[in-house]
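Q: Below are the sequence and a predicted model; questions follow.
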Amino acid sequence: MANIKSAKKRILVTDRQSEENVPIKSRMKTAIKKAIENPTTENVNEANKRIDKAVSKNIITKNKAAREKSRVNKKLNK
């Protein structure tokens, strides 16, 4: 456990931010799985939307987003 007051505050802030990120990341993963299992245009668009949302909130990196989008679109184009 931290001894410094600012470190204690950072722990609280980090915990709160992590809790806020969980539902966004979960929705993104669910949309990706759905798009891979059933690659329709609607599912792929939803997955891309969720991925972009996660990037805009700095939950995932741009490279991971590009990789996931590529993976999903690849399934659609087959």
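A: Thanks, I have the structure now. Residues are numbered from 1 along each chain as shown.
Q: what sits against Asn3?
A: Asn3 sits next to no residue when contact means Cβ atoms under 8 Å, 6 or more residues apart in numbering. Every residue, glycine included, has its C-beta placed from N, CA and C.
Q: So it: helix, strand or coil?
A: coil (DSSP: H, G, I helix; E, B strand; the rest coil).
Q: Could I get the full set of helices for the chain?
A: For the chain, applying DSSP state H gives helices covering 5-37, 41-56, 62-77.
Q: Can you say which of these is packed in most?
A: Per-stretch averages of neighbours, counted by mean count of other Cβ atoms under 10 Å, single out helix 41-56 among those, with a mean of 17.
Q: Using CSV, write out every CA atom in that one.
A: Taking C-alpha atoms only, helix 41-56 is exported to CSV below (Å, rounded to 0.1, in the frame of the first residue of the first chain):
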residue,chain,number,x,y,z
THR,A,41,-22.4,-6.0,-42.9
GLU,A,42,-24.5,-4.9,-39.9
ASN,A,43,-22.4,-6.9,-37.4
VAL,A,44,-19.1,-5.7,-38.9
ASN,A,45,-20.2,-2.1,-38.9
GLU,A,46,-21.2,-2.4,-35.2
ALA,A,47,-17.9,-4.0,-34.3
ASN,A,48,-16.0,-1.2,-36.1
LYS,A,49,-18.1,1.4,-34.3
ARG,A,50,-17.3,-0.2,-30.9
ILE,A,51,-13.6,-0.5,-31.8
ASP,A,52,-13.5,3.2,-32.7
LYS,A,53,-15.3,4.2,-29.5
ALA,A,54,-12.6,2.3,-27.5
VAL,A,55,-9.8,4.0,-29.3
SER,A,56,-11.3,7.4,-28.8
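Q: for that helix, packing partners?
A: Applying 3 or more Cβ pairs under 8 Å, 6 or more residues apart in numbering; DSSP states H and E, one finds that helix 41-56 makes contact with helix 5-37, helix 62-77.
Q: Can I get those in a markdown table including mean pLDDT and distance to Asn45?
A: Compiled in a markdown table, the helices and strands packed on helix 41-56 are given as follows (pLDDT from 0 to 100; distance: least, Cβ to Cβ, whole Å):
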| stretch | mean pLDDT | distance to Asn45 |
| --- | --- | --- |
| helix 5-37 | 96 | 9 |
| helix 62-77 | 95 | 10 |
